[in-house]
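[1] I would like the atomic coordinates for the input below:
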Amino acid sequence: MDPHEIHHRILVNLAKQIREGGIKDREKFINNIITECLPDRKEDQQVYHAVEKRLNFLLDERKDAPPLVEIMEDVCPDCGPDLHPCTEICPTEAITCTGGIRHINRDRCIECGQCINVCISGAIMARSEFAQVATMLLQSDTHPVYAILAPSFVGQFGPQATPEIFKSALKAMGFTEIYEVALAADITTLFEAEEFSQRMERGEKFMITSCCCPAFIKFIEKLRPKVANLVSPTVSPMIALGKMLKQREENCRVVFIGPCIAKKNEAKRPDLQPAVDCVLTFKETKALLEAAEIKLDGSLGRMDLTDASHDGRIYAHTGGVTEAIIRAVQRRDHRLSVKPVKGNGLKQCGELLQQIEEGTIQANFMEGMGCPGGCIGGPGTLIKVEEAAPYVQNFADRSPFDTPNDNPTAIQWMEDYYKMTDTLSEKMSLKTEHAPSPAYPHPSGEYLS
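    Numbers count the residues shown, from 1 in each chain. Prediction:
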């Protein structure tokens with residue numbers, strides 16, 4: 001069985017055990033997983049150790065912010081000394097190979113998670129809050145649990161799982177309410193359009209959108225710190241929505257469901273709390289649904305999902321943020337001209353950032369997406385970029401509102417939030433700072449110029 005499928009089976013079985021009261025016998029649980037997935041290797045201690053380590057990752061609740069992505073070095077040699085998919089895909093050359101075993105240079109790693117999917121042996125893993133979410137859902141009567149859906153969720157769970165069916169399924173699984181993160185994308189679009197206009201009016205030359213990509217932001221902070229001052233301080237839509245929900249319901253728990261590994265660390269940044277309690281990928285969410293035996297065939301109903309505008313929903317793909325902000329800027333002042341460039345994947349982002357540093361770029365606005373295709377190309381997705389794009393566009397076209405300015409829900413939520421700003425701490429601000437880290441040598445070779 002493929003290592004990634006084994007990981008899925010561990011998730012499903014773990015969620016079932018939590019629903020039944022938790023893992024009472026860890027050794028028995030591990031052996032049951034091995035019997036189900038690898039019946040011909042039941043006596044193999046290496047297999048037992050690999051499954052045990054995966055389980056430890058899933059049950060790890062440390063508060064000391066351990067590395068998000070790690071390599072199980074004793075599993076890594078299974079890949080073979082001549083295969084290097086992880087080192088080849090890493091956009092910052094953070095993975096090196098010594099004696100056939102790969103190591104992660106933490107100073108260079110931006111925790112984008114792209115190495116996880118290409119790892120042949122399944123040796124690379126990201127820490128998970130899967131177990132915490134499964135437990136939260138059992139406690140939703142006393143602590144409301146809100147699911148906030150990344151704009152890229154559409155189509156991820158199959159053609160039958162329309163947004164309306166998917167929302168109903170999440171409600172049946174135990175979530176108190178479900179919201180589109182695209183609602184907050186509408187709000188951050190208005191913030192960034194205003195900021196762009198003010199920068200240009202002050203005579204500044206350039207602005208980089210913080211958009212929705214923490215891997216891109218970390219890339220700038222670690223490898224291109226000279227341009228950190230050009231990055232918009234507006235928080236990501238995920239953080240903005242989490243903060244607004246926490247303001248409305250202090251006792252609530254917020255779970256982001258999306259395509260991204262890097263979001264897991266973004267949610268843990270001290271300067272962005274309180275906002276999001278846990279982050280699940282689409283892959284992890286699929287396992288939760290399977291464990292709860294939730295069908296995505298419409299049998300649980302169809303609940304409307306109409307939080308966001310067309311422009312908020314197109315944040316899911318490269319170019320969507322730019323398109324939304326251009327329209328918002330034009331609504332504010334049609335005399336201003338947005339001259340954009342778009343980094344589609346970190347290779348392109350690095351090339352554009354270098355041009356910005358050198359002052360040779362012919363533009364005044366940059367959108368950066370760490371994954372090729374944008375969020376629909378993230379490591380936690382279930383379908384390919386070319387499959388996902390039409391679903392996103394169709395759902396965006398179905399919105400009753402074209403732009404954030406037309407969305408009364410977004411306007412109302414923003415007004416409600418700021419009615420309370422005088423009584424809120426700075427932690428509840430929808431702005432942050434992107435502090436540059438010490439610059440490390442730029443990646444070389446074919447991955448980044």
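[2] how many neighbours does Glu357 have?
    14 (other C-beta atoms under 10 Å). From N, CA and C alone the C-beta is placed, and that goes for glycine too.
[3] so it is in which element?
    According to DSSP states H and E, Glu357 maps onto helix 346-358.
[4] quick one: distance of the strand or helix carrying Gly312 to the chain centre.
    Counting by DSSP H and E, the element that carries Gly312 is helix 310-313. Taking the mean of its C-alpha atoms, helix 310-313 sits 17 Å from the chain's own mean (C-alpha atoms, centre = their mean, to the nearest Å).
[5] buried set for the helix or strand following that helix?
    In the C-terminal direction, the helix or strand that comes right after helix 310-313 (DSSP H and E) is helix 320-332. Of the residues in helix 320-332, those scored as buried under the neighbour-count criterion (16 or more other C-beta atoms under 10 Å) are Gly320, Val321, Thr322, Glu323, Ala324, Ile325, Ile326, Arg327, Ala328, Val329.
[6] could you pull out the buried residues of the worst-scoring helix or strand of the chain on mean pLDDT?
    When the helices and strands of the chain are compared on mean pLDDT, DSSP states H and E, helix 45-59 comes out lowest with a mean of 81. For helix 45-59, burial by neighbour count (16+ other C-beta under 10 Å) applies to Val47, Tyr48, Ala50, Val51, Glu52, Lys53, Arg54, Leu55, Phe57, Leu58.
[7] export the residues you listed to CSV and append columns for distance to Ile361.
    Shown next, in CSV, are these (distance: C-beta to C-beta, whole Å):
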residue, distance to Ile361
Val47, 51
Tyr48, 54
Ala50, 46
Val51, 49
Glu52, 50
Lys53, 45
Arg54, 44
Leu55, 48
Phe57, 41
Leu58, 43
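[8] contacting residues for the residue nearest to Lys205 when sequence neighbours are not counted?
    When the adjacent residues along the chain are set aside, Lys205 lies closest to Asn364, with 6.3 Å between them (C-beta to C-beta, 6 or more residues apart in numbering). Taking C-beta atoms under 8 Å, 6 or more residues apart in numbering as the definition of contact, the neighbours of Asn364 are Met200, Lys205, Phe206, Met207, Ser337, Val338, Lys339, Pro340.
[9] just those residues: which are in helices?
    When DSSP state H defines the helices, the subset of the contacts of Asn364 inside them is Met200.
[10] distance of Val145 from Pro85?
    37 Å (C-beta to C-beta, to the nearest Å).
[11] swap in Arg331?
    As defined by C-beta to C-beta, Arg331 lies at a distance of 45 Å from Pro85.
[12] strands along the stretch 201-350 of the chain, start to end?
    For the stretch 201-350 of the chain, strands defined by DSSP state E, counting those that start in this stretch occupy the ranges 207-208, 253-258, 278-281, 340-344.
[13] among those, which comes closest to Met1?
    Checking the strands of the stretch 201-350 of the chain against Met1 by C-beta to C-beta gives strand 278-281 as the closest, at 20.1 Å.
[14] run me through the strand neighbours of the closest one, direction for each.
    For strand 278-281, the paired strands and their directions (DSSP bridges) are strand 253-258 (parallel).
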